[in-house]
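Peer 1: Mind looking at a prediction? Sequence and model below.
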Amino acid sequence: MSRYVAAYDIARNSRRDRVARILREYGRRVQRSVFEIDIDPEDLNDLQLRIGSLLARDDRFDFFPIDVRFPQRRLSWQRNPLVDSCVIVIG
């Protein structure tokens, strides 16, 4: 089983919703258009075909592999509008 981040920029709401429903079968949503998924190589091929059949010419979909040797390593940051600063989390 391999871990990936799946990220997309899809123009049409109906296509975007269908892609999100498919990705929920494989992992968890971490942001509006970003999912972390755990998937076998043969299922990844099927997933790519399912997603690819939905995309229009101007849509974009990316898979980024995650090194499973460091499953808990993550670097995130978010602007805090209340104090106008960034918070960085390494977990």
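Peer 2: Cool, got the structure. Numbering: from 1, shown residues only.

Peer 1: can you count the residues close to the residue lying closest to Gly52 once chain neighbours are set aside?
Peer 2: For Gly52, ignoring the flanking residues on the chain, the nearest one in space by C-beta to C-beta, 6 or more residues apart in numbering is Phe61 at 7.8 Å. Placement of C-beta: from N, CA and C, glycine included. The tally of other residues near Phe61 (other C-beta atoms under 10 Å) stands at 17.

Peer 1: surely Phe61 meets Ser53?
Peer 2: No: here Phe61 does not reach Ser53: they are 11.4 Å apart, not a contact under C-beta atoms under 8 Å.

Peer 1: quick revisit: for the strand or helix carrying the residue nearest to Gly52, name the packing helices and strands.
Peer 2: In this structure, Phe61 sits in strand 60-66 according to DSSP states H and E. Strand 60-66 is packed against strand 2-9, helix 41-52, with contacts defined by 3 or more C-beta pairs under 8 Å, 6 or more residues apart in numbering; DSSP states H and E.

Peer 1: buried ones in that strand?
Peer 2: Phe61, Phe63, Ile66 (16 or more other C-beta atoms under 10 Å).

Peer 1: Now the second one. Nearest residue, chain neighbours left out?
Peer 2: Of all residues beyond its chain neighbours, the one nearest Phe63 is Tyr4 (4.8 Å), with distances taken as C-beta to C-beta, 6+ apart.
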